[in-house]
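S.K.: pasting the structure only:
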């Protein structure tokens, strides 16, 4: 049981780190001298010029990624609280709900960004590592949400 508990804790902390990095890093889409982020679009031509993105769809992605990160952190806190207060044989449903919601927020944000990404994607542009981390965080958070549903507290 201790091995399972440590594995779940490591998985959950990994998800939190992935979500924080993918939400805050300026690498959702990159090209030569340009990088697009959830918060800024930057261009480097000797000097770096950054403009904030104010599109409605981008603000929706920002909100969804922040919500996903917050829900993942809250589910970790709830898991630790339930670990010490839940009765023997009880399931971690409350933690699981927050974790599954976090995964749905990540998926929705990544889908919106994929469909509505900045105009004119060329051959020189590619999705950055933060975008890939967001897509990686989706199945991991969903998996851990299902693990919390199945998991029972033992003594």
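M.R.: Sure thing, it's come through. Please read all numbers here as calculations on a predicted model, not as lab measurements.
S.K.: going along the chain, name the strands of the protein.
M.R.: Using DSSP state E, the strands found in the chain span residues 29-31, 34-36, 40-45, 47-52, 126-127.
S.K.: for the residue most central in space within the chain, which non-adjacent residue is spatially closest?
M.R.: Nearest to the mean C-alpha position of the chain, by C-alpha atoms, centre = their mean, lies residue 19 at 3.3 Å. Nearest non-adjacent residue to residue 19, counting by C-beta to C-beta, 6 or more residues apart in numbering: residue 69, 4.4 Å away. For glycine as for every other residue, the C-beta is placed from the backbone atoms N, C-alpha and C.
S.K.: number of nearby residues for the one you found?
M.R.: 23 (other C-beta atoms under 10 Å).
S.K.: check what pLDDT the nearest residue to residue 99 once chain neighbours are set aside gets.
M.R.: In space, residue 99 comes closest to residue 145 once its chain neighbours are excluded; the distance is 3.6 Å by C-beta to C-beta, 6+ apart. With respect to pLDDT, residue 145 scores 93.
S.K.: same question for the one 4 residues further on.
M.R.: Here the pLDDT value assigned to residue 149 is 91.
S.K.: and residue 112, by the same measure?
M.R.: Reading off the model, residue 112 has pLDDT 93.
S.K.: so the residue nearest to residue 19 sits right up against residue 20, yeah?
M.R.: Yes - under the criterion of C-beta atoms under 8 Å, residue 69 lies in contact with residue 20, with a separation of 6.0 Å.
S.K.: was I right to think residue 94 contacts residue 78?
M.R.: Yes - using C-beta under 8 Å, residue 94 is in contact with residue 78, at 5.6 Å.
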